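[1] coordinates for the following, if possible.
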Amino acid sequence: MALAVQTAQAQSGIRSLFSFPSANQAPSEGSSAPGTNLTSPQGGVERPVPPGLIPLPPAPAETLPPPAPERQSPQPTGPSARPHPRQPQQQQQPGLVPPAMGGIALAARFGRDGQPINAPLHWRIFADQPDNTGQFRVLKEDRSPGPSFVLPPGNYIVHVAFGLANVAKRVQVRTETVREVFDLPVGGVRFAGHVGNTLISNGHVSFDIYNGSQFDPGEKRAVTSDVKPDQLVLLPEGSYHVVSSYGDGNAVMRYDLRVRAGKVTDARISHRAAAITLKLVVDKGGEAIANTAWSVLTPGGDVIKESIGAFPTMILAEGDYVALARNEGRVFNREFKVETGVDREIEVLAR
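    Sure thing, here's the model as predicted:
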């Protein structure tokens, strides 16, 4: 099996995949875990306006109607007509002075000694304590490479995500601006599928990525699935293995690879398979008989693929097979061989 890998320095402004935790769940401090995969839109990423950074316009002044004239009551006479002592005028209470605010400027880089990340990131600032419902509330959010926030002094949790890599840590905001740089050891990987020297077209091959080596024991859950050719996937630095599926049959290849921080790995995966078209005919070179049920088996009798039709096409891995054709209660069969890169028709004679 062959796996060609090339690395190139990650460029700024690259199109990436984004994955984020739920909005009401605070990440654990120092976490770096993969998430769910979403393809970024073509032509860049729109920057949403961070909530709370633009003051609301002042409300228009309300015009009140003039007060109604007071009704004059008759003046009392006698001893009760003595004037009451003047009450001291109550002083107007001054308005509340807003508390002093602090600032925080954020940035990220490809690992401790890596270059700055100038691509769009997903920043979120959480309260450092849960509310009455036990949830950590999102206070601020931004999707630019290096945002700045204005916050009351205090402790907060800052979370940043880039592709499937993410990091969170506690920060303290003071009255002066604080600068925090997050180290994201993240790299990229792109895949291409080949049969010999022929590139497999998009839509016929896909890739699933798993943590660790394919030889590690135990069941593994995919980090991300159904990755398309030339799709850039951003992953935390580390070891992974990829499962490449050509078609929906048994043409599957597995490879181990290493993702490095700040690098893009181009992985070319070679399949040993071919496209086979089945036909049930009365005579060689004749017309295919419709309404035929097909089964493709290994020499040991394991069913690889089933289909119904006059001439179904399927992708099969290199090897020996038996084709079974069922039509109008009769069963016909033929042994055949699949060679890498040799796409051909297999005729089964209805005799």
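[2] any chance you could map the helices in this structure?
    Ranges of helices in the chain, per DSSP state H: none exist.
[3] where does it dip in pLDDT?
    1-99 (pLDDT under 70).
[4] break it into its domains for me.
    Per automatic domain parsing, the domain ranges recorded for the chain read 3-39+99-186, 189-270, 274-349.
[5] dump those into a markdown table; add mean neighbour count as well.
    Every residue, glycine included, has its C-beta placed from N, CA and C. A markdown table is the format used below for the domains of the chain (neighbours: other C-beta atoms under 10 Å):
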| stretch | mean neighbour count |
| --- | --- |
| domain 3-39+99-186 | 17 |
| domain 189-270 | 17 |
| domain 274-349 | 15 |
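[6] spit out the contact partners of the residue nearest to residue 210 when sequence neighbours are not counted.
    Excluding the flanking residues, the one nearest residue 210 by C-beta to C-beta, 6 or more residues apart in numbering is residue 220, at 4.6 Å. Residue 220 makes contact with 210, 211, 212, according to C-beta atoms under 8 Å, 6 or more residues apart in numbering.
[7] give me that answer again for 10 Å
    210, 211, 212, 213, 214, 241 (C-beta atoms under 10 Å, 6 or more residues apart in numbering).
[8] which among those residues gets closest to residue 336?
    Proximity to residue 336 was ranked across the contacts of residue 220 by C-beta to C-beta; first place goes to residue 214, at 29.9 Å.
[9] give me phi/psi at the closest one?
    phi -70, psi -20 (degrees, to the nearest 10).
[10] same thing with residue 286?
    According to degrees, to the nearest 10, residue 286 has phi -80, psi -180.
[11] which stretches in the stretch 251-351 of the chain count as strands?
    251-259, 263-270, 273-281, 293-297, 303-308, 313-317, 319-327, 330-338, 344-349 (DSSP state E, counting those that start in this stretch).
[12] got TSV for the ones you listed, with distance to residue 195 too?
    Output for these, formatted as TSV (distance: least, C-beta to C-beta, whole Å):
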stretch	distance to residue 195
strand 251-259	9
strand 263-270	7
strand 273-281	6
strand 293-297	19
strand 303-308	18
strand 313-317	9
strand 319-327	15
strand 330-338	12
strand 344-349	14
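[13] what's the closest of those strands to residue 190?
    Between the strands of the stretch 251-351 of the chain, strand 263-270 lies closest to residue 190; by C-beta to C-beta that is 5.2 Å.
[14] partners of the closest one, with directions?
    strand 3-9 (antiparallel), strand 186-195 (parallel) (DSSP bridges).
[15] now do the same contact list for residue 175.
    99, 100, 101, 102, 103, 152, 153 are the contacts of residue 175 under C-beta under 10 Å, 6+ apart.
[16] closest to residue 166 out of the residues you listed?
    Taking C-beta to C-beta as the measure, residue 166 sits nearest to residue 103 out of the contacts of residue 175, at 23.5 Å.
[17] so that closest one sits against residue 173, correct?
    Yes - between residue 103 and residue 173 a contact is recorded at 7.4 Å, counting by C-beta atoms under 10 Å.
[18] can you list residues touching both of these two?
    149, 150, 151, 153.
[19] these in strands, which ones?
    149, 150, 151 (DSSP state E).
[20] so which of these is the closest to residue 165?
    residue 149 (21.6 Å).
[21] that older thread, quick check: the two most widely separated of the contacts of residue 175?
    Largest pairwise distance in the contacts of residue 175, by C-beta to C-beta, is 13.9 Å, between 99 and 103.
[22] what's the overlap in contacts for the two?
    Contacts common to residue 99 and residue 103, judged by C-beta under 10 Å, 6+ apart, are 153, 175.
[23] quick one, what contacts residue 342?
    Contacts of residue 342 (C-beta under 10 Å, 6+ apart): 195, 196, 273, 274, 275, 276, 318.
[24] okay, those in a markdown table with distance to residue 137 next?
    Below are the contacts of residue 342 laid out as a markdown table (distance: C-beta to C-beta, whole Å):
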| residue | distance to residue 137 |
| --- | --- |
| 195 | 53 |
| 196 | 56 |
| 273 | 52 |
| 274 | 57 |
| 275 | 55 |
| 276 | 58 |
| 318 | 57 |
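[25] and which of the residues you listed is nearest residue 186?
    residue 195 (31.7 Å).
[26] separation between that closest one and residue 270?
    Separation of residue 195 from residue 270 (C-beta to C-beta, to the nearest Å): 7 Å.
[27] same check on residue 132?
    As judged by C-beta to C-beta, residue 132 and residue 270 stand 58 Å apart.
[28] wait, what's in contact with the closest residue to residue 213 other than its chain neighbours?
    Among residues not flanking residue 213 along the chain, residue 256 sits closest, at 5.2 Å (C-beta to C-beta, 6+ apart). Applying C-beta under 10 Å, 6+ apart, we find residue 256 in contact with 3, 210, 212, 213, 214, 215, 216, 239, 240, 241, 242.
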